[in-house]
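Peer 1: return a 3D structure for these sequence lines:
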Amino acid sequence: MLNYCIILNTICSQWVLKLPLRPLSWGVKIKRKLKSVAPFLGRFRPLVGQCCHQCTPESLGLKLLRNTPPLGFQNLTCVNETHTGYRGWLVRRVCCLLFVWGCEVHPSPAGDRRHRVYGSERVRQALMTACSPDETKAMEQVMPEVRSHLGRLLTITQTIISPWLLRLVSWMLLKFFSLIFCSVQVNLNQMAALHRATQLKYPLVYVCVRQSGIDHALICLTLFCHNLRVPYTIYPAHVRQTCLRSILQRLGVVLLPEGSGSERDAEMDSLYSPVMTSFIGELLREGAAVSVGICASGGHSGQWLARVHQAISDGLVPDVSVVPVAISYDCLPRYFTRPQAGLMSALRFAISLLKGDHRGSVRIHFAQAFSLKVGLTHSTIHTRITIIVSYKCRPLTQLFSAVNKSSTATIALTLHLMYSSTTSMAVMSTSLVSCLLLHKHRKGVRVSVLCRDICWLLEEVLFRNTDVGYGGSLVGLVHHALSLLHPYLLLAAAPPTGEPIIAPRPDPDSLLILSQHCDLLTHVFIHEAVGACAVSAMLSGVVGCGDLEFDVVLGQEELTEKSLQLTHLLSPGFIPPCQTAHGFALDVVDSMVRCGVLVMEEVQKDTPVCDFMKRQGVLSWAASDDPDQSSDSDCEEPDAHSYKLSQPSQCPQLLFFLCSLLSVRLRALCWALESLHYLPSPITERDCLSQLHAHLKNRAQLDKAHYENSSIDLVRMVLRTFIDLGVLIEDGQREDVYLDVSPLFSQCAHKEKLLQFFKQFMYN
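Peer 2: Coordinates of the predicted model:
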């Protein structure tokens, strides 16, 4: 196998066969190799989407999402005559139109909403502050300009949902999504839970992690097809075309005001935030639903949740039901992932539709609705507020400062919703194949071995109470995933049997795409990945070199502390805010035992264990997250356990696979730290991001591998981590935020110590 992989990577340009992915040929080839593999996937569906039992125990007790016999899944784009009340030859040809016109639309007139927003106390106070003369400037010269600007902002409050236009656009979306996706699946049990949530008489707020420009369209279409109230959509994009703005505003889309280039620019306006806060309060008082998309890289758009919270504080509504929404794509067309797609991109996308490309599937999960009021006031959600505000939340804090000064609880809620939405996502077939190819079989793998590993990885995913977004035969699953990923793969026939061998293409675009498909599985296996990196660091620390010694006893205290150190390098969304970092580290050790990597070892008191943590003594965090906790309160130390690898001869393969899941992030941190001396000082945050991105791409080109470490999302994570660790110091006294390298890490010795701290968690 290894020889075939080497030949594939060295002389693939001479004999690699780009096999046509016809169902018959691939199905026959795979069936010949997999007669003993389980023939059907998807027999078990875990119950996903339950709300947090610590933060919202009252909402969990309502049992809106019940563990009843499954109602199955529905493909939204598959509309036939059974969805209408009519039958016949003509009905079968216009059934989609009849179905759309038969769906219920909840009216949403604007009425005197503009006058109510204008007359609110918050807007009047902001208007008086903006119109107050500075120095000798007269009130009469300021008022016309401010009034004109306020009038442009108040046009946003006239956003409505037109019933006839909503039906027309929904019919067009059903046709459009049927062209670009083979299916759009929704869980009917979750839709039944949403209908139960509407009986609570509280307005619903849908929150998703933003992935593309069609996320909100899928949410609105799903709710429309199930006779639920279509929400007002917060879409922070600048639309210049007047006609398009008018159409979107009549569909309930809340756009940025004219003249605002970005959401951050709009939030810096002294009048924008009061007007939008009053606008959201009026929408909720009318009983309207709201849909918000949060950016995973920094939590942007979370300030809209602060405005929802403010409506409850002002007494406009007694409570709000928040619904995390998770959307999983098999293979999202790249046209929708680009912020600004031009005419040529649109033409190429249209041609790809005619050719039948990008026919992936979509799975939409609506988690259980929970009470926002209870979630904010419950004591457990405040356990990490002081840490959250000072750690990993600077973009959120800057945005929330324009909305509410006391917004720490809303920041915790935003991070919790990001975590809930991510953990509710279904793992798609392309994610499984990409993860195995990048992190286990990077040099190539036979199809038979790949299919066996898919079965193993599927069981591990379901074991962690995460749903998968597919079902059916193994042959169909593998063929579907390879059909979608074939532009990013090398396909070859291995002599003498002719069994297909698959390997990722060694070019930057292919590795970046495959790495994006692997992100969700990193969240699924985050406990095991952190534990594996901690074990790898401890094993390599025993002998003091890169080689690993597997027959070593590991102490529980040292393993927990090493996991805690790595936990502080994780991005927001991996750990729920209601859980402490030390509690997460303890769960890491338990998960390593539960998955079979570690076994508890009975060790005599005089037997030495791996205690190198005490020898290093650099860059260590306390075992407790509470800095005020005193050691005098500890009555007696619990008996520390010791662990060993369960099967030293077989375990390294699984251990290295788990370590590889986090190696992408760790390697990006190492490369960025090595290139800090190339940055000018001081430098704006935007320029620092672009230059670090360029350095990482150049480093990947020199390395001729690991191109996935140079993605822009990883660069944002690196920059945020460097600021949190104090490597980069912010200077906000100027108009823009400037960054400068800390004098401590300007010294080569301290920089080398931090670099070794990052590298210790990388098994290779």
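Peer 1: and Arg240, how many neighbours?
Peer 2: 8 (other C-beta atoms under 10 Å). In this view, the C-beta of every residue, glycine as well, is placed from N, C-alpha and C.
Peer 1: could we number from 36 for the rest of this?
Peer 2: Fine by me, first position is 36 from now on; the one you just mentioned is Arg275.
Peer 1: wait, is it part of a strand?
Peer 2: No - note on Arg275: no strand contains this position according to DSSP: H, G, I helix; E, B strand; the rest coil, which reports coil.
Peer 1: report pLDDT for it.
Peer 2: pLDDT for Arg275: 81.
Peer 1: how about the helices of the stretch 136-285 of the chain, start to end?
Peer 2: 148-153, 156-166, 174-189, 198-215, 223-233, 250-260, 277-284 (DSSP state H, counting those that start in this stretch).
Peer 1: how far off centre is the shortest one?
Peer 2: What it means is helix 148-153. On the basis of C-alpha atoms, centre = their mean, to the nearest Å, helix 148-153 sits 36 Å off its chain's mean C-alpha point.
Peer 1: check which helices and strands it is in contact with.
Peer 2: On a contact count with 3 or more C-beta pairs under 8 Å, 6 or more residues apart in numbering; DSSP states H and E, helix 148-153 meets helix 174-189, helix 307-320.
Peer 1: looking at the helices of the stretch 136-285 of the chain, which is buried most?
Peer 2: helix 250-260 (a mean of 23; mean count of other C-beta atoms under 10 Å).
Peer 1: hang on, the earlier thing: tell me which of the helices of the stretch 136-285 of the chain sits nearest to Val624.
Peer 2: Comparison of the helices of the stretch 136-285 of the chain against Val624 by C-beta to C-beta identifies helix 223-233 as nearest, at 33.3 Å.
Peer 1: counting by contacts, list what that closest one packs against.
Peer 2: Short answer (3+ C-beta pairs under 8 Å, 6+ apart): helix 223-233 packs on strand 108-110, strand 239-245, strand 356-364, strand 395-401.
Peer 1: which parts of the shortest one are buried?
Peer 2: By neighbour count on 16 or more other C-beta atoms under 10 Å, the buried set for strand 108-110 is 108-109.
Peer 1: hmm, who's touching that strand?
Peer 2: Contact with strand 108-110 is made by 218-223, 226, as judged by C-beta atoms under 8 Å, 6 or more residues apart in numbering.
Peer 1: so which of these is the closest to Ile195?
Peer 2: Met226 (25.4 Å).
Peer 1: OK, contacts around the closest one?
Peer 2: 109, 257, 261, 263, 401 are the contacts of Met226 under C-beta under 8 Å, 6+ apart.
Peer 1: switch to 7 Å and redo it
Peer 2: Neighbouring residues of Met226 by C-beta atoms under 7 Å, 6 or more residues apart in numbering: 261, 401.
Peer 1: now Arg148
Peer 2: 192, 317.
Peer 1: go on, the one 3 residues further on?
Peer 2: Contact analysis of Arg151 by C-beta under 7 Å, 6+ apart lists Glu317.
Peer 1: how about Leu697?
Peer 2: Per C-beta under 7 Å, 6+ apart, neighbours of Leu697: 564, 568.
Peer 1: and the pLDDT at Arg650?
Peer 2: 43.
Peer 1: just Met311 next, same as before
Peer 2: Reported pLDDT for Met311: 93.
Peer 1: ok, it touching Val343?
Peer 2: No - if you go by C-beta atoms under 7 Å, Met311 and Val343 don't touch, sitting 11.2 Å apart.
Peer 1: lowest average pLDDT across the helices and strands packed on helix 148-153?
Peer 2: Minimum mean pLDDT among the helices and strands packed on helix 148-153: helix 174-189, a mean of 73.
Peer 1: about what we covered before: tell me which of the helices and strands packed on helix 148-153 lies nearest to Leu133.
Peer 2: helix 307-320 (31.1 Å).
Peer 1: JSON lines for the helices of the stretch 136-285 of the chain, including distance to Glu534?
Peer 2: As requested, the helices of the stretch 136-285 of the chain are exported to JSON lines (distance: least, C-beta to C-beta, whole Å):
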{"stretch": "helix 148-153", "distance to Glu534": "66"}
{"stretch": "helix 156-166", "distance to Glu534": "68"}
{"stretch": "helix 174-189", "distance to Glu534": "64"}
{"stretch": "helix 198-215", "distance to Glu534": "33"}
{"stretch": "helix 223-233", "distance to Glu534": "40"}
{"stretch": "helix 250-260", "distance to Glu534": "39"}
{"stretch": "helix 277-284", "distance to Glu534": "52"}
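Peer 1: quick one: closest of those helices to Ala301.
Peer 2: helix 174-189 (9.4 Å).
Peer 1: in the stretch 86-235 of the chain, which segments are predicted with low confidence?
Peer 2: Low-confidence segments of the stretch 86-235 of the chain, defined by pLDDT under 70: 166-178.
Peer 1: repeat the analysis, applying 50 as the threshold.
Peer 2: 170-175 (pLDDT under 50).
Peer 1: what do you get for the stretch 686-799 of the chain?
Peer 2: Looking at the stretch 686-799 of the chain by pLDDT under 50, you get an empty list.
Peer 1: what segments of it are helices?
Peer 2: 686-709, 720-738, 747-760, 778-781, 783-794.
Peer 1: residues contacting His552?
Peer 2: 465-466, 469.
Peer 1: got the helices of the stretch 686-799 of the chain as CSV, with distance to Met573 columns?
Peer 2: Output for those, formatted as CSV (distance: least, C-beta to C-beta, whole Å):
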stretch, distance to Met573
helix 686-709, 12
helix 720-738, 27
helix 747-760, 22
helix 778-781, 26
helix 783-794, 14
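Peer 1: SS state for Phe609?
Peer 2: Phe609 ends up coil, using three-state DSSP.
Peer 1: ok, it to Ile561 distance?
Peer 2: 5 Å (C-beta to C-beta, to the nearest Å).
Peer 1: repeat for Asp554
Peer 2: Asp554 is 11 Å from Ile561, by C-beta to C-beta.
Peer 1: Ala564 versus Arg342, what's the distance?
Peer 2: 36 Å.
Peer 1: Gly350 too?
Peer 2: 46 Å.
Peer 1: give me the more crowded residue out of those two.
Peer 2: The residue with more neighbours, out of Gly350 and Ala564, is Ala564; 28 against 9, by other C-beta under 10 Å.
Peer 1: now that one: closest residue in space that isn't a chain neighbour?
Peer 2: Leu696 (4.3 Å; C-beta to C-beta, 6 or more residues apart in numbering).
Peer 1: also Ala402?
Peer 2: Gly84 (3.5 Å).
Peer 1: wasn't the one you found part of a helix?
Peer 2: No - counting by three-state DSSP, Gly84 falls outside a helix, being coil.
Peer 1: quick one on the thing from earlier: would CSV of the helices and strands packed on helix 223-233 with distance to Val772 be doable?
Peer 2: Formatted as CSV, the helices and strands packed on helix 223-233 follow (distance: least, C-beta to C-beta, whole Å):
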stretch, distance to Val772
strand 108-110, 46
strand 239-245, 23
strand 356-364, 31
strand 395-401, 37
